[in-house]
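**Student:** The following block contains a protein sequence and its predicted model.
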Amino acid sequence: MRILITGSAGMLGYSLSENFRDGDCYCCTRAELDITNESQVFEIVLKFNPDIIINGAAYTSAEKAEDNIEEAYAVNCYGVKYLAAAAESVNSCLIHISTDYVFKGDKKNGCYIESDIAEPVNIYGKSKLAGEQIVKELCSKYIIIRTSWLFNAQNNNFVTSIINSLRNKKELTVVNDQLGGPTFLGDLVDSIDKIVNRIKINDVDGIWGLYHYSGFPYVSWYEFACVIAQYSQLSGIVEPDVRMNSILSENYILRAKRPKNSQLNSMKFCRVFGVEQKDWRVGLEKVIYSISNNL
Ligand SMILES: NC(=O)C1=CN([C@@H]2O[C@H](COP(=O)(O)OP(=O)(O)OC[C@H]3O[C@@H](n4cnc5c(N)ncnc54)[C@H](OP(=O)(O)O)[C@@H]3O)[C@@H](O)[C@H]2O)C=CC1
Ligand SMILES: Cc1cn([C@H]2C[C@H](O)[C@@H](COP(=O)(O)OP(=O)(O)O[C@H]3O[C@@H](C)C(=O)[C@@H](O)[C@H]3O)O2)c(=O)[nH]c1=O
């Protein structure tokens with residue numbers, strides 16, 4: 001089973017590369033495979049002839065995307081188009097990752113399901129939704145996983161950013177009116193591993209399509225930051241006397257608007273792939289343990 005991984009220097013791409021490195025896996029950083037380069041995409045895909053392509057490449061800065069619209073679409077829409085077309089040309093399955101930010105965030109009662117209308121409020125979300133639509137149009141064998149609020153110990157993400165800030169200053173202000181499901185990167189990688197195993201044994205009846213997958217419990221960024229602070233204090237990597245303030249998004253000035261509610265319902269994924277939704281607090285403990293060991 002040959003697996004091609006794109007964006008392998010990124011947070012997800014690197015972790016996927018580590019996970020699959022013992023198999024017949026070709027991991028490409030942007031320098032090795034720029035997905036916006038159509039001829040390079042086709043050349044590498046035709047040569048390696050993968051059974052599965054996992055796309056870890058993306059333009060992921062919601063803030064910068066507002067000013068770099070063309071670049072965001074080049075990667076998240078057109079790059080995905082070339083990958084999707086190349087995957088189809090060699091009868092490969094495409095596993096593509098998307099985001100909770102495809103939603104407007106005004107759903108009143110509970111989590112978004114896969115059939116809810118996606119109506120992004122920022123350029124990053126719009127470009128990711130455009131990529132999803134292309135995958136659906138071009139690929140016969142695809143899995144799109146929308147996930148949210150990814151974190152690990154190594155990369156730049158909300159958890160590492162809160163811990164770094166708390167280690168440098170005593171007070172932090174975090175928005176309290178945006179709700180979502182933090183997702184430990186290791187849990188997402190395990191889920192992708194489940195998909196790959198199903199494809200490996202050719203148990204693929206009814207698996208193709210769009211899925212949501214996130215951790216639980218659902219929280220606001222402020223609540224998430226409070227738990228990060230609490231666990232960090234317990235482990236001794238953050239002083240005990242830090243102060244966390246909550247603020248409304250309208251008073252926290254950012255370039256890109258974020259959805260107020262981006263909670264994803266993971267039931268379809270859990271049912272089809274026989275997994276349980278994971279408590280992100282377990283992943284957070286691992287992350288803080290790893291950070292404290294590397295200080
Ligand atoms: N991080 C999160 O919280 C969430 C992420 N997602 C999705 O998960 C996926 C992985 O995200 P994550 O690992 O966090 O992202 P990262 O930003 O950590 O990694 C993305 C990788 O893609 C690479 N890349 C950018 N442009 C190209 C290109 N033209 N060709 C090839 N590679 C390119 C980047 O390279 P370089 O470093 O050189 O720019 C980087 O290595 C994305 O699809 C993202 O939308 C979904 C929900 C939440
Ligand atoms: C760091 C920080 C953020 N915030 C707010 C800003 C924003 O509304 C929210 C999250 O901020 P961040 O910039 O960390 O994350 P953001 O770029 O909004 O995160 C997103 O990344 C992309 C790739 C995704 O797909 C999403 O699922 C999500 O994880 O928290 C604070 O209020 N205080 C802070 O100190």
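**Tutor:** Cool, the structure landed. Ligands and ions are numbered 1, 2, ... in the order given.

**Student:** so what's residue 109 up against?
**Tutor:** For residue 109, the contact set (CB atoms under 8 Å, 6 or more residues apart in numbering) is empty. For glycine as for every other residue, the C-beta is placed from the backbone atoms N, C-alpha and C.

**Student:** and it, what element?
**Tutor:** For residue 109, there is no enclosing helix or strand under DSSP states H and E.

**Student:** same deal with residue 107?
**Tutor:** For residue 107, there is no host helix or strand (DSSP H and E).

**Student:** Please verify my assumption that it contacts residue 116.
**Tutor:** Yes. Under the criterion of CB atoms under 8 Å, residue 107 is in contact with residue 116, at a separation of 6.8 Å.

**Student:** Give the closest residue to residue 37 in space, chain neighbours not counted.
**Tutor:** Nearest non-adjacent residue to residue 37, counting by CB to CB, 6 or more residues apart in numbering: residue 82, 7.8 Å away.

**Student:** does ligand 1 sit close to stretch 241-256?
**Tutor:** No. Applying CB under 6 Å from any ligand atom, one finds stretch 241-256 separated from ligand 1 by no less than 13.4 Å.

**Student:** which other residues reach that stretch?
**Tutor:** Applying CB under 8 Å, 6+ apart, the external contacts of stretch 241-256 come out as 62-67, 122-124, 166, 170-178, 220, 222, 225-226, 229, 233, 258, 260.

**Student:** Would you mind measuring from the closest residue to residue 141 other than its chain neighbours to residue 207?
**Tutor:** Distances taken as CB to CB, 6+ apart place residue 93 nearest to residue 141, at 4.2 Å, with adjacent residues excluded. Using CB to CB, to the nearest Å, residue 93 is found at 9 Å from residue 207.

**Student:** For ligand 1, what's its nearest residue on the chain.
**Tutor:** Using CB to the nearest ligand atom, residue 10 is the residue of the chain that sits closest to ligand 1, at 2.1 Å.

**Student:** got the end-to-end distance for stretch 275-283?
**Tutor:** 16 Å (CA to CA, to the nearest Å).
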